[in-house]
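Asker: Okay, predicted coordinates and the sequence, questions at the end:
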Amino acid sequence: MRRLLIVLTAALGCLGGFRASDAAAEIASPWVDGHSSRVRLVGGASLVGIEIELPEGWKTYWRTPGEAGGVPPAFDWSGSKNLASAQVLYPAPKRFSDSSGDTVGYKGTIVLPVRLKAEDPAKPIEVQLGIDYGVCKDICIPAQAKLELTLPPGTPMPEELIDAMTKIPAPAEARREADPIVKKVAAELSGPKPHITLDVELPGGAEHVDAFVEAPDGVYVPLPKKTSDDGKGQVTFEVDLSRDVDIPALKGKEMTATVVSDKGQSEEKFPLQ
C-alpha cells in the first residue's frame, strides 16, 4: 500500500515525502448537514479532503455527471488565506442507470482530495470553502455547504485521504500493475456514423469495467458503450457521435478517457484528429 501510494502521488505532485506510517491525529472540520447528506473537510500533508456522506439510495455527481442530468460539484476557495491554488482530484466514479438514463458519480461516502499550494509554505493554510453539489434519489436536488479548516505545515495525513488517493485514476507514468490500459484510440468524425473507439486491456482481468470520455470546455460527449469483451482482459468501448454532438468543436481537442474496473483505474489523454 505504501509503495502504491508513493508512486501515484509522486506523479501527481501531491505528497512530497509523505509516509503512510505518519498518519496520526485527525485534523477535520465539523460536519455540516446538507440536503440528505453531510460534508466536512479532513486535512493532511499538502492535501485537504472534501468528505461527503450520503444515506442509502442517494448519490452525488462526478465532474461530468452523465446524460440524465445532474449537478457537478463547484468550489469557491476565495475566502481562504495563504492559499495560492487548489486542485480537486476525483476518485474513480461509477455509472448508474435507471429509467431516466445514465449518470456518473458516487454513492455512500466519498472523499475528494484537493491538492493545495501555500503562498508561504512555512505558514498554515486557512481553508474556507463554499461547495455546491447535487444529491439525487429520484430527482437531482442542489445542496450547499460552507466549510473551514486550518492546515498547519507538516500535518500528518488521515486514513480517509490515504484511501482516497489510491482511488485516483493514474496517468500513464504512474500506472499500477492492475490498472486498465488504453491500448488504442481510433476516431471517425465524418460520414453517417461518426464515433470514437477505445481498445482497453485489463492486466490480470477484471469482472467489471467501464469508461468515460470527456472533452475540454464542457463540450458534450456521450457516454461510451461496451461493444466487445473477450473475457480475457480485452475490451472495446465506442462513443457514438452521431446525435447532439458538436463535432467541429471537438476536432483537434485533447480528450480525456477514464477507465475504471474492480481492480484499478487509469486516465489517458489523447488528441481527437
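Answerer: Arrived safely, thanks for sending. Numbering: from 1, shown residues only.
Asker: low-confidence ranges in this structure?
Answerer: Low-confidence segments of the chain, defined by pLDDT under 70: 1-25.
Asker: most centrally placed residue in the protein?
Answerer: With distances taken as CA atoms, centre = their mean, residue 90 lies nearest the centre of the chain, 2.1 Å away.
Asker: I figured it hits residue 62, correct?
Answerer: Yes: Residue 90 is in contact with residue 62 according to CB atoms under 8 Å; the separation is 6.2 Å. Where C-beta positions appear, they are placed from N, C-alpha and C, glycine not excepted.
Asker: Mind telling me what element the residue nearest to the centre of the chain is part of?
Answerer: Assigned by DSSP states H and E, residue 90 belongs to no helix or strand.
Asker: Please give me every residue in contact with it.
Answerer: By CB atoms under 8 Å, 6 or more residues apart in numbering, the contact list for residue 90 reads 62-63, 112, 168-169.
Asker: Quick check on those: which are buried?
Answerer: 62-63, 112, 168-169 (16 or more other CB atoms under 10 Å).
Asker: a markdown table please, covering these and showing secondary structure.
Answerer: Putting the buried ones among the contacts of residue 90 into a markdown table (DSSP: H, G, I helix; E, B strand; the rest coil) gives the following:
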| residue | secondary structure |
| --- | --- |
| 62 | strand |
| 63 | strand |
| 112 | strand |
| 168 | coil |
| 169 | coil |
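Asker: all strands of the stretch 51-200 of the chain, in order?
Answerer: 59-66, 74-76, 83-88, 94-98, 101-107, 109-118, 125-136, 140-151, 181-188, 195-201 (DSSP state E, counting those that start in this stretch).
Asker: and the nearest residue to residue 128 once chain neighbours are set aside, what are its phi and psi?
Answerer: Leaving aside its sequence neighbours, residue 128 sits nearest to residue 79 (CB to CB, 6 or more residues apart in numbering; 3.5 Å). Here is the backbone geometry of residue 79 (degrees, to the nearest 10): phi -80, psi 0.
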